[in-house]
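Enquirer: here's my sequence, what's the structure:
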Amino acid sequence: MKEELNISLIQSNLFWEDRVKNLANFTKIISTIERPDIILLPEMFNTAFCPKSTHLAEEMAGETVSWMKNISKRKESAIAGSLMIRENKKIYNRLVWISKDGKISTYDKRHLFSLTKEEKYLEKGSDRLIIEEQGWKICPLICYDLRFPVFSRNNVKYDVLIYLANWPVKRIDAWDTLLKARSIENQCYTIGVNRIGYDGNKIPFNGKSKVFDAFGKKLFNTEKNVENAFEFKLSYQDLKLKRRQMNFLKDQDLFTLK
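Expert: Residues are numbered from 1 along each chain as shown. So this is what the prediction gives:
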């Protein structure tokens, strides 16, 4: 068990449908980070959120996942981000997690964003992914999943809940409120990673990536519209203390979904 996790959250502009520019930009930003345990990237970090553009989907053996593997190896850290992946003639908004030891884990976005008809172009996933990283249990999810508390429910004793997102300015108040709510109800660290800039539909994003502790206290908040690698630490001892002080999780209902 590593007592403190060093997290590097990348809040950046995304170049619309341009994998080459996005990967080059992330390479430049990540080069400034020293000794991270985990690097977190936004949703569809290599293309921006463009589910209609299924021609941009890649194989798991494609350029973007290979780039992630190289970054993980070079920085000796885990790295996570989502992208469109083609598999068995279907296309998913897939979160790819590459652990420090090189193991690859994946989660396919369960809740596809109907306002933009994401479900028309992509296949939805089913099960959540729980990562074991240096003794910590982590549940990484994607953007719209944030609005569905039952799916995020901490019935497996995870320590950290993560949402990788493209969350626009017009709904940013909901982003702030829901991230805080998920941290309180699940008694865990909750991290929201968002982008900045304008997408190809002229929709603005201002970032406001943030971190909450198990009591819903804001630990970290990025500046709006700033592109950078933001670094912070999570303390396992502090998490255990808060759960001892107010152990609400032991009183939760044991229902299951089918």
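Enquirer: what is the neighbour count of the nearest residue to residue 142 once chain neighbours are set aside?
Expert: Excluding the flanking residues, the one nearest residue 142 by CB to CB, 6 or more residues apart in numbering is residue 109, at 4.3 Å. Yep, even glycine has a C-beta here, placed from its N, CA and C like the rest. Counted with other CB atoms under 10 Å, residues neighbouring residue 109 total 25.
Enquirer: so residue 71 is in which element?
Expert: helix 63-75 (DSSP states H and E).
Enquirer: with just CA atoms, put that helix into PDB.
Expert: What follows is helix 63-75, C-alpha atoms only, in PDB (Å, rounded to 0.1, in the frame of the first residue of the first chain):
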ATOM      1  CA  GLU A  63      -1.400   4.600 -32.400                       C
ATOM      2  CA  THR A  64      -3.100   6.200 -29.300                       C
ATOM      3  CA  VAL A  65      -3.000   3.200 -27.000                       C
ATOM      4  CA  SER A  66       0.600   2.600 -28.100                       C
ATOM      5  CA  TRP A  67       1.300   6.200 -27.200                       C
ATOM      6  CA  MET A  68      -0.300   5.700 -23.800                       C
ATOM      7  CA  LYS A  69       1.900   2.600 -23.200                       C
ATOM      8  CA  ASN A  70       5.000   4.600 -24.100                       C
ATOM      9  CA  ILE A  71       4.100   7.500 -21.700                       C
ATOM     10  CA  SER A  72       3.400   5.000 -18.900                       C
ATOM     11  CA  LYS A  73       6.700   3.300 -19.400                       C
ATOM     12  CA  ARG A  74       8.700   6.600 -19.700                       C
ATOM     13  CA  LYS A  75       7.100   8.200 -16.700                       C
END
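Enquirer: ok, how many other residues are close to residue 236?
Expert: For residue 236, the count of nearby residues is 18 (other CB under 10 Å).
Enquirer: how about the one 10 residues further on?
Expert: Applying other CB under 10 Å, we find 10 residues neighbouring residue 246.
Enquirer: gap between it and residue 159?
Expert: According to CB to CB, to the nearest Å, residue 246 and residue 159 sit 16 Å apart.
Enquirer: residue 147 contacts residue 113, doesn't it?
Expert: No: with contact defined as CB atoms under 8 Å, residue 147 does not reach residue 113; the gap is 9.7 Å.
Enquirer: the two: who's more crowded?
Expert: Between residue 147 and residue 113, counted using other CB under 10 Å, the more crowded position is residue 113 (19 against 14).
Enquirer: that older thread, residues bridging contact with residue 147 and residue 113, i.e. touching both?
Expert: Residues touching both residue 147 and residue 113 by CB atoms under 8 Å, 6 or more residues apart in numbering: none at all.
Enquirer: contacts for the helix or strand containing residue 176, please.
Expert: Assigned by DSSP H and E, residue 176 falls within helix 172-186. Contact with helix 172-186 is made by 146-147, 149, 152-154, 158, 161, 163, 165, 167, 189-190, 192, 194, 206, 208, 210, 212-216, 218, 249, as judged by CB under 8 Å, 6+ apart.
Enquirer: state the distance from residue 34 to residue 2.
Expert: 17 Å.
Enquirer: helix or strand for the nearest residue to residue 32 once chain neighbours are set aside, which one?
Expert: The shortest distance from residue 32 to any non-neighbouring residue, by CB to CB, 6+ apart, is to residue 229 (5.8 Å). Secondary structure from DSSP H and E places residue 229 in strand 228-235.
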